[in-house]
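>>> Take a look and give me a structure for this.
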Amino acid sequence: MTAILADHGYGKAGIRVGDVHRSGAEHRIRDLTVRTTLTGRFEDSYFTGDNSTVLPTDSQKNAVQAHAAGDFGDIEDLAAALTAYFVDSQDVVEGACVHIEERAWQAVDVDGKPAPDCFQAVPDLVRLARAERDAAGVRITSGLRGLRLFKSAGSEFHGFRRDRYTTLAEATDRVLVTEVQASWTRAGDPTDWAAAHREVRRHLTEAFAETHSLALQQTLFAMGERVIEHVRDVASIKLTLPNQHHIPIDLAPFGVAPAADVFTVLDEPYGVIEGTVTRGPDNRDLKDRT
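Predicted coordinates for the structure are as follows:
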């Protein structure tokens, strides 16, 4: 039997970069975590330990930090610039992928006004960007994770299929809680990534709020459909929606009359609903599955 080296690549993960702009009256901070992956002609390093074609991962970390200095624009721009650097500067590098996570911070309010130099973290919310470059060009994906949404009414789940293991009761009034992870691509030659990100986030949130949900699957499609219809150059959006179960607690045996519904919140196990919504011709065939 012969062993063959198939797909391979290497890079640096967990590159933390804090970027602080203090030149103006109001400061601005960026909190990034970057991962790089290079592909190319690195076989000899795997076969014989010959590292003559290997750009050290420490060099990749330094390149990330150098490119992040100053005003690099949006994280999509930074990711694309880094992939171009790695591919153009190293003849053995045939492809590069850069994934960036940006944690959100916002100014602290003091006497009703944002402080110019003090910030607080926005819990869980992370903006995402991914750039992949090879001989065919560069492909950029934007995204987010940690967008936590809670719907206290207007959610049902019933009429589902049953088997001999089914114990779930049908619900006509349930709590619906999820933590959105989304990634999307844009058509043409897009600019102003931050504005598009804000618009996508707004429409995801509004669709979740306005949809009377008969299933989280239905809610997922409504969220993706709204983005496609309102953010003109989004070509497709992939959504992952965990169903964070809230199970009603019956307190009657304890003689307790609660002033509000009380639930057991289950972190695990949880349902996961996934789907990708794409733009149909002139956006007229979005619901046509034939």
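>>> Please enumerate the helices of the stretch 1-150 of the chain.
For the stretch 1-150 of the chain, the helices defined by DSSP state H, counting those that start in this stretch occupy 43-47, 57-68, 75-89.
>>> Deepest-packed of these, please.
Mean neighbours per residue, mean count of other CB atoms under 10 Å, is largest over the helices of the stretch 1-150 of the chain for helix 75-89, with a mean of 20. No exception for glycine: its C-beta is placed from N, CA and C like everyone else's.
>>> which other helices and strands contact that one?
Judged by 3 or more CB pairs under 8 Å, 6 or more residues apart in numbering; DSSP states H and E, helix 75-89 is in contact with strand 28-40, helix 57-68, strand 93-110, strand 113-134, strand 137-151, helix 193-210.
>>> can you list the ones you listed in TSV and add distance to Phe254?
Shown next, in TSV, are the helices and strands packed on helix 75-89 (distance: least, CB to CB, whole Å):
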stretch	distance to Phe254
strand 28-40	46
helix 57-68	56
strand 93-110	41
strand 113-134	33
strand 137-151	26
helix 193-210	34
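>>> Can you lay out those as CSV showing mean pLDDT and distance to Thr178?
Below are the helices and strands packed on helix 75-89 laid out as CSV (pLDDT from 0 to 100; distance: least, CB to CB, whole Å):
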stretch, mean pLDDT, distance to Thr178
strand 28-40, 95, 23
helix 57-68, 97, 32
strand 93-110, 95, 18
strand 113-134, 93, 12
strand 137-151, 97, 6
helix 193-210, 97, 8
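>>> For Asp50, find the nearest of the ones you listed.
Nearest to Asp50, of all the helices and strands packed on helix 75-89, is strand 28-40, at 14.1 Å by CB to CB.
>>> chain center to that closest one: distance?
14 Å (CA atoms, centre = their mean, to the nearest Å).
>>> go on, stretch 8-21?
Relative to its chain's centre, stretch 8-21 lies at 17 Å (CA atoms, centre = their mean).
>>> What residues sit buried inside it?
Buried residues in stretch 8-21, counted by 16 or more other CB atoms under 10 Å: 10-12, 15, 17, 19.
>>> could you give me the average pLDDT of that stretch?
On average, the pLDDT along stretch 8-21 is 94.
>>> Now render the helices of the stretch 1-150 of the chain as TSV, adding distance to Trp193.
What follows is the helices of the stretch 1-150 of the chain, written out as TSV (distance: least, CB to CB, whole Å):
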stretch	distance to Trp193
helix 43-47	35
helix 57-68	16
helix 75-89	4
